[in-house]
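Trainee: One predicted model, sequence on top.
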Amino acid sequence: MFDFFSSGEWIQVTAQYSNAVLVAVLPYLTDFCGKLGLPIGSPLSTAQVLRVGLDPHRGRVGATLWLTNGYAFWFDRGQVSAFESPHCYFAQQEPEVVPRFYGQVKMSADEAIALARETVRKLGYPLEDVLADTDPYIPPLERVGTNTIPHYRIQWLDPRGGSPATEIEVDAERKVVESIRFNGLVTLRRPEPRVDVQPGKLPEGHPWRVLNEMGKVNPEYARRLVPYVFSAIEDWGRRLKWDLPLPVTTNHVKRFYVSDQGGWPHCEVTFTNGWEFKFRNSGLTYAGSPRRFFDSDKLPFRIKNYVGQWKLTEQQAIELARNAVAKLGYPEDFVHTEAKPRVFRPCEIKGMPAIPRLQIEWNYPNIERRQQWIQVEVDCDKGAVEAIYFDDGSLWGKPPPIAVPISAKAASAGSAK
């Protein structure tokens with residue numbers, strides 16, 4: 001059976017739990033440092049840890065560690081997501097330390113890029129998994145008067161938003177990597193390490209307890225909601241002739257999350273094959289294929305999977321999107337796609353191959369007073385719709401006819417009577 005609730009519940013971090021997480025994480029850091037030849041010593045011990053900060057969410061083994069020798073590491077989702085050496089320039093915040101970094105440039109930008117890519121390979125990652133198989137962006141070296149700071153900031157940008165997916169700092173005088181940061185890359189996620197100590201319970205009155213209770217759903221309500229959600233997914237799948245497994249069963253589902261939004265459900269469903277769905281009130285509002293681009297933050301992202309040719313014009317893509325929305329089964333006069341839509345494209349990044357995707361968006365009556373919101377992602381190479389979002393305010397506050405309370409608190413109070 002799939003997991004009904006994956007809501008990131010807040011926990012109490014006790015000293016015992018903190019120590020257990022530290023013991024579980026240190027072998028990963030030892031392995032990371034060994035692969036890069038960092039001067040840390042092996043194995044890394046708790047005596048070398050100056051300070052530690054933990055992710056206070058149940059089921060998440062995340063930590064930031066500062067060592068006595070000035071190194072810092074970030075651990076998340078089963079892997080070291082970042083590190084900074086004591087000589088990392090771009091982490092400095094005090095202006096008075098800047099003169100310490102003055103020096104000579106003894107590496108070209110191309111040599112620094114080669115070192116950065118070799119560092120990724122040493123960690124065991126394919127370049128494509130961190131977007132380093134494309135051309136990076138490198139800001140000009142910083143100068144202060146006649147002095148140069150010989151630190152390259154090599155950034156591989158994500159075409160979904162333009163921010164860095166991977167950042168590597170190279171000291172071009174010492175010819176070493178001073179920092180690495182992988183920003184939320186799903187391709188790098190690994191199983192969480194085992195922690196044998198359970199976190200503590202939050203004390204009465206703790207503000208996080210209020211957050212944990214907000215939106216918590218009666219489990220029986222969630223179980224009864226499942227057929228409604230599966231039926232809605234099947235309906236869209238048949239109407240749009242998507243490559244969905246039909247009929248939908250629990251075997252197809254990786255995650256089924258439900259929250260109480262003040263008397264009506266918000267449900268997120270992830271299939272084992274990468275399809276993603278959202279169900280709100282009494283109907284489906286979103287469906288995204290494993291090939292979606294604009295809403296792919298939960299998917300392993302590799303640029304090569306999206307490269308193609310622009311075979312559809314913008315107007316042809318708009319018509320394809322309009323026709324797809326018309327197939328959803330709403331009355332013709334209810335759907336407002338007659339106006340000119342907003343059109344979003346992948347970020348233009350120098351050296352990035354063509355990614356022929358468009359996101360078509362309609363806001364009715366306008367974006368300031370939006371009653372209806374429609375988004376459709378179109379693959380302009382294959383002529384296919386890969387994601388649809390459709391919601392209208394007139395559909396809100398109308399939950400399915402389930403004869404048990406949605407609120408976990410209300411259900412608990414009822415059973416106590």
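Mentor: Perfect, I can see it now.
Trainee: and residue 129, backbone torsions?
Mentor: With angles defined as degrees, to the nearest 10, residue 129 sits at phi -70, psi -20.
Trainee: contacting residues for the closest residue to it other than its chain neighbours?
Mentor: Spatially, and ignoring its direct neighbours in sequence, residue 129 is nearest to residue 187 (4.0 Å; Cβ to Cβ, 6 or more residues apart in numbering). No exception for glycine: its C-beta is placed from N, CA and C like everyone else's. Contacts of residue 187 were listed using Cβ atoms under 8 Å, 6 or more residues apart in numbering, and they are 125, 129, 130, 300, 301, 302.
Trainee: Where neighbours are concerned, which of those has the most?
Mentor: Among these, residue 130 has the most neighbours (other Cβ atoms under 10 Å), with 24 neighbours.
Trainee: What residue, apart from its backbone neighbours, is nearest that residue spatially?
Mentor: Looking at residue 130 with Cβ to Cβ, 6+ apart, the closest residue is residue 166, at 4.4 Å.
Trainee: was I right about the one you found contacting residue 181?
Mentor: Yes - with contacts defined as Cβ atoms under 8 Å, residue 166 counts as touching residue 181 at a distance of 7.2 Å.
Trainee: How confident was the prediction at residue 105?
Mentor: At residue 105 the predicted local confidence, pLDDT, stands at 98.
Trainee: Neighbours of the residue lying closest to it once chain neighbours are set aside, how many?
Mentor: In this structure, residue 105 finds its nearest non-sequential neighbour in residue 150, 4.5 Å apart by Cβ to Cβ, 6+ apart. The number of residues packed near residue 150 is 22, by other Cβ under 10 Å.
Trainee: Domain-wise, how is the protein divided?
Mentor: What the record gives for the chain is the domain set 15-188, 207-395, from automatic domain parsing.
Trainee: Can you say which of those domains is nearest to residue 404?
Mentor: Minimum separation from residue 404 across the domains of the chain (Cβ to Cβ) falls at domain 207-395, 5.1 Å.
Trainee: what pLDDT, on average, does that closest one get?
Mentor: 95.
Trainee: Next one: the residue nearest to residue 105 relative to residue 114, how far apart?
Mentor: Counting by Cβ to Cβ, to the nearest Å, the gap between residue 150 and residue 114 amounts to 16 Å.
Trainee: circling back to that earlier point, compare residue 166 and residue 181 (neighbour count), which wins?
Mentor: Relative neighbour count places residue 166 above the other of residue 166 and residue 181, with 24 against 18, counting by other Cβ under 10 Å.
Trainee: which residues touch the more buried one?
Mentor: In this structure, residue 166 makes contact with 120, 130, 131, 132, 155, 156, 180, 181, 182, 183, 185, judged by Cβ under 8 Å, 6+ apart.
Trainee: same check, this time on residue 260
Mentor: 215, 216, 217, 406, 407, 408.
Trainee: these two touch, right, the fourth one and residue 262?
Mentor: Read it as residue 406. No - with contact taken as Cβ under 8 Å, residue 406 and residue 262 are classed as non-touching, separated by 9.3 Å.
Trainee: ok, the two, which is more surrounded?
Mentor: Between residue 406 and residue 262, counted using other Cβ under 10 Å, residue 406 has the larger neighbour count: 26 against 10.
Trainee: thinking again about what came up before, would you mind giving the domains of the chain as TSV with distance to residue 201 added?
Mentor: Supplementary listing: the domains of the chain in TSV, determined by distance: least, Cβ to Cβ, whole Å:
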stretch	distance to residue 201
domain 15-188	11
domain 207-395	9
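Trainee: Looking at these, spot the one closest to residue 200.
Mentor: Short answer: domain 15-188, nearest of these by Cβ to Cβ, at 6.7 Å.
Trainee: Compute the first-to-last residue distance for that closest one.
Mentor: According to Cα to Cα, to the nearest Å, domain 15-188 extends 29 Å from its N-terminal end residue to its C-terminal end residue.
Trainee: go on, stretch 369-386?
Mentor: Start-to-end span of stretch 369-386 (Cα to Cα) is 27 Å.
Trainee: So what touches that stretch?
Mentor: Contacts to stretch 369-386, defined as Cβ under 8 Å, 6+ apart, come from residues 240, 288-289, 291-295, 308-312, 316-317, 320-321, 324-325, 335-337, 356-365, 387-394.
Trainee: Take those residues and keep only those in strands.
Mentor: When strands are assigned by DSSP state E, the members of these inside them are 288, 357-364, 387-392.
Trainee: Assumed the residue nearest to residue 130 was part of a strand.
Mentor: Yes - judged by DSSP: H, G, I helix; E, B strand; the rest coil, residue 166 forms part of a strand.
Trainee: mind listing the helices in the stretch 201-350 of the chain by residue range?
Mentor: Using DSSP state H, counting those that start in this stretch, the helices found in the stretch 201-350 of the chain span residues 207-213, 219-240, 314-326.
Trainee: From the contact counts, what lies against the second one?
Mentor: In terms of contacts (3 or more Cβ pairs under 8 Å, 6 or more residues apart in numbering; DSSP states H and E), helix 219-240 is packed against strand 253-260, strand 265-271, strand 276-280, strand 283-288, strand 384-392, helix 408-416.
Trainee: re earlier: out of the ones in strands among the contacts of stretch 369-386, name the two that are farthest from one another.
Mentor: Comparing all pairs in the ones in strands among the contacts of stretch 369-386 by Cβ to Cβ, the longest separation belongs to 357 and 392, at 25.2 Å.
Trainee: neighbour-wise, which of the two wins?
Mentor: Comparing residue 357 with residue 392 by other Cβ under 10 Å, the one with more neighbours is residue 357, at 25 against 19.
Trainee: Let me know whether that one touches residue 293 as I believe.
Mentor: Yes - here residue 357 reaches residue 293: they are 4.5 Å apart, a contact under Cβ under 8 Å.
Trainee: which neighbours do the two share?
Mentor: Between them, residue 357 and residue 293 share the neighbouring residues 306, 346, 377, 379, 386, with contact defined by Cβ under 8 Å, 6+ apart.
Trainee: tell me the contacts of the first one?
Mentor: Residues touching residue 306, when contacts are defined by Cβ under 8 Å, 6+ apart, comprise 159, 293, 346, 355, 357.
Trainee: One more: the second one?
Mentor: Taking Cβ under 8 Å, 6+ apart, we find residue 346 in contact with 159, 160, 293, 306, 355, 357.
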